[in-house]
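Participant: Show me the folded form of this:
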Amino acid sequence: MLTLAEATVQTETFFAELRRREFARLERRQQAYLDYTGSGLYPERLVRAHFERLRDGVFGNPHSAHDPSLASTAIIEEARASVRAFLDADPADYAVVFTANASAAIKLVAESYPFTSAGAYVLSADNHNAVNGVREFARRAGARVTYLPLDEELRMPGVDQALDAAARLGTGPRLFAYSAQSNFSGVKHPLDLVERARGLGYDVLLDAAAYVPANRLSLRAVPADFVAVSFYKVFGYPTGVGALVARHDALARLRRPWFAGGTVDFVSVQNDMHQLRAGPERFEDGTPDFLSVAGIAPGLAFMREIDIDRLSAHVRVLTSEMLHGLQSLAHGNGAPVVVIYGPRTMDARGGTVAFNLLDAAGRPIPYGIVERRAREAGVSVRGGCFCNPGAGEWAFGFAATDAARCMRDTAQGFTLERFAQCMGPDVAVGALRASVGMASNADDVRRCVAVMQEFAE
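Facilitator: Got it, this is the predicted structure:
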């Protein structure tokens, strides 16, 4: 039995060799890439394997019965099976619908969910904008929209009581949506919320896009009705394919507002009739991106080789180093250089760290200045609100009335700079985000912390 220290050394040795073999371009370009929540990096072998498959194969539109068409159909079905295996989803329970990305998967649910004036849409304030956008379909149908608040660590307090209260206000269909892991702060929201919400009569939409790149998710243990993922966030390539993984019974409750090529058994113009296909194809509008889908099964096979639990341990080690390094920075007067948004420890959090730099008087330094300095040093971190305005508003302590006034005043010709000026110099209107992944190493983390150290006084 290895000790924890021995296991850590073994894990880091594995990922050091992986970086040398599959991600050598990082060293050639002297790049410290720390935006894995934005996109994973592709290993070289996947690009080579995909090229060879396309070079040697003949693939046609899958909506036919000739050999190239059947070859494409086989690729798609192979990919569906690989996705179910990756998420430990029983084929008897779950269908896989391919989409352009996780946002497109969420929109499929949004536009087809049977919202009514007696129903509700409940969601965390910590969500990607694709999940926020579902509220527009809910409100159009007259359903109530309820946001669940966040606490000082950007977690959801009292969620059971809030869900129960919302459930008592109507008898119509109810949808609850949340992220398994925040793309803003790295908070891991409890997966057992799925069962708890379903027990209160909710259908559950789980945004797993930020979670599954470095964490194991079993849909046998976490039976969400709808799960959205993007594969480029998992293994970097291809970038144009995501999936809605949905329970068959939940998928059957959706009501598509239109039809397109590939989604129907038949259409009659003269009789004004159509019939949607019975399987997941009814949600795959037009011709699937079958050449990109060809990259999914090899990518997920690569993830099995990596071992998601070993990757989780690697991410945990580097995130801990990032948190320690950033929180150790101080100005000459003892004031902290960095404020972290979300968990400051490794308790129930992933490999995403959101933060801002402060001057010696405690005022936020505009994130754009820091992002530019990091770029000059070859360190890739992201700046902004990361398409998650709710978590940002809670993190930055926006006064709702002030934010609304500034949004109205700057709406004509809106820029973030004008909005920041309106909010004042003591209010942050964006943050920096550093996130680690399979090709990251301790030197990347040290380089990031060194850039932040330069802003001490």
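Participant: Would you indicate which residues of the worst-scoring helix or strand of the chain on mean pLDDT are buried?
Facilitator: None of the helices or strands of the chain scores lower by mean pLDDT, DSSP states H and E than helix 416-423, at a mean of 90. With burial defined by 16 or more other C-beta atoms under 10 Å, the residues of helix 416-423 counted as buried are 416, 419, 420, 422, 423. In this view, the C-beta of every residue, glycine as well, is placed from N, C-alpha and C.
Participant: and what of stretch 278-286?
Facilitator: Under the neighbour-count criterion of 16+ other C-beta under 10 Å, stretch 278-286 has 280, 281, 282, 283, 284, 285 buried.
Participant: Kindly indicate which of those residues lies nearest residue 362.
Facilitator: The nearest member of these to residue 362, counting by C-beta to C-beta, is residue 283 at 50.2 Å.
Participant: Pretty sure the closest one sits against residue 256.
Facilitator: Yes. Residue 283 lies in contact with residue 256 (C-beta atoms under 8 Å); the separation is 7.1 Å.
Participant: so what sits against both of the two?
Facilitator: Common contact partners of residue 283 and residue 256 (C-beta atoms under 8 Å, 6 or more residues apart in numbering): 112, 263.
Participant: Helices of the stretch 101-250 of the chain, residue ranges please.
Facilitator: Under the criterion DSSP state H, counting those that start in this stretch, the stretch 101-250 of the chain carries helices at the ranges 102-112, 129-132, 134-140, 159-167, 193-199, 232-235, 248-253.
Participant: chain center to the fifth one: distance?
Facilitator: It refers to helix 193-199. On the basis of C-alpha atoms, centre = their mean, to the nearest Å, helix 193-199 sits 21 Å off its chain's mean C-alpha point.
Participant: just checking, what packs against that helix?
Facilitator: When contacts are defined as 3 or more C-beta pairs under 8 Å, 6 or more residues apart in numbering; DSSP states H and E, helix 193-199 sits against helix 159-167, strand 174-179, strand 203-207.
Participant: Could you export these as TSV, including distance to residue 58?
Facilitator: Shown next, in TSV, are the helices and strands packed on helix 193-199 (distance: least, C-beta to C-beta, whole Å):
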stretch	distance to residue 58
helix 159-167	52
strand 174-179	41
strand 203-207	37
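Participant: Which among those is found nearest to residue 343?
Facilitator: Among the helices and strands packed on helix 193-199, strand 174-179 sits nearest to residue 343 (C-beta to C-beta), with 14.5 Å.
Participant: now the helices of the stretch 101-250 of the chain as JSON lines including mean neighbour count and distance to residue 434?
Facilitator: Listed next are these as JSON lines, based on neighbours: other C-beta atoms under 10 Å; distance: least, C-beta to C-beta, whole Å:
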{"stretch": "helix 102-112", "mean neighbour count": "22", "distance to residue 434": "21"}
{"stretch": "helix 129-132", "mean neighbour count": "20", "distance to residue 434": "21"}
{"stretch": "helix 134-140", "mean neighbour count": "17", "distance to residue 434": "29"}
{"stretch": "helix 159-167", "mean neighbour count": "16", "distance to residue 434": "28"}
{"stretch": "helix 193-199", "mean neighbour count": "18", "distance to residue 434": "27"}
{"stretch": "helix 232-235", "mean neighbour count": "24", "distance to residue 434": "16"}
{"stretch": "helix 248-253", "mean neighbour count": "15", "distance to residue 434": "36"}
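Participant: In terms of mean pLDDT, which of the ones you listed ranks lowest?
Facilitator: Per-stretch mean pLDDT for the helices of the stretch 101-250 of the chain is lowest at helix 159-167 (a mean of 92).
Participant: Touching it from outside, list them.
Facilitator: Counting by C-beta under 8 Å, 6+ apart, residues outside helix 159-167 touching it are 120, 122, 144, 146, 148, 174, 176, 193, 196-197, 200-202.
Participant: hmm, which of these are the buried ones?
Facilitator: Of the contacts of helix 159-167, these count as buried by 16+ other C-beta under 10 Å: 120, 122, 144, 146, 148, 174, 176, 193, 196, 197, 202.
Participant: State the pLDDT value of residue 337.
Facilitator: pLDDT, residue 337: 98.
Participant: Going forward, the N-terminal residue is numbered 482.
Facilitator: Renumbered: residue one is now 482, and that last one reads residue 818.
Participant: Isn't it up against residue 936?
Facilitator: Yes. Using C-beta under 8 Å, residue 818 and residue 936 qualify as a contacting pair, with a distance of 6.1 Å.
Participant: which residues do these two both contact?
Facilitator: residue 838.
Participant: More neighbours: which of the two?
Facilitator: More neighbours surround residue 818 than the other of residue 818 and residue 936, with 24 against 18 (other C-beta atoms under 10 Å).
Participant: Phi, psi for that one please.
Facilitator: phi -80, psi -30 (degrees, to the nearest 10).
Participant: Same check on residue 513?
Facilitator: Torsion angles at residue 513 (phi, psi; degrees, to the nearest 10) stand at phi -100, psi 100.
Participant: Reduced to three states, what does the nearest residue to it once chain neighbours are set aside come out as?
Facilitator: In space, and not counting its chain neighbours, residue 513 is closest to residue 925: 4.0 Å by C-beta to C-beta, 6 or more residues apart in numbering. Classification of residue 925 by DSSP: H, G, I helix; E, B strand; the rest coil places it in helix.
Participant: With respect to residue 878, which of the buried residues of stretch 759-767 is nearest?
Facilitator: Nearest to residue 878 among those, with distances taken as C-beta to C-beta, is residue 764, at 40.4 Å.
Participant: so how far is residue 749 from that closest one?
Facilitator: To residue 749, residue 764 is 21 Å away according to C-beta to C-beta, to the nearest Å.
Participant: circling back: now, among the buried residues of helix 897-904, which is nearest to residue 495?
Facilitator: residue 897 (40.9 Å).
Participant: can you pull the contacts of the closest one?
Facilitator: 865, 910, 911.
Participant: same question, residue 779
Facilitator: 527, 530, 531.
Participant: Those, buried ones only, as a ChimeraX selection?
Facilitator: Buried residues within the contacts of residue 779, by 16+ other C-beta under 10 Å, are selected in ChimeraX with:
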select :527,530,531
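Participant: got CSV for the contacts of residue 779, with pLDDT too?
Facilitator: Conversion of those to CSV gives the following (pLDDT from 0 to 100):
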residue, pLDDT
527, 97
530, 95
531, 96
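Participant: got the end-to-end distance for stretch 837-857?
Facilitator: 18 Å (C-alpha to C-alpha, to the nearest Å).
Participant: which SS class is the residue located most distally from the centre of the chain?
Facilitator: Distance from the centre of the chain peaks at residue 751, with 44.2 Å (C-alpha atoms, centre = their mean). Under three-state DSSP, the three-state class of residue 751 is coil.
Participant: if I pick it, what's in contact with it?
Facilitator: Counting by C-beta under 8 Å, 6+ apart, residue 751 makes contact with nothing.
Participant: isn't residue 683 right up against residue 658?
Facilitator: No. Counting by C-beta under 8 Å, residue 683 does not reach residue 658; the two are 9.4 Å apart.
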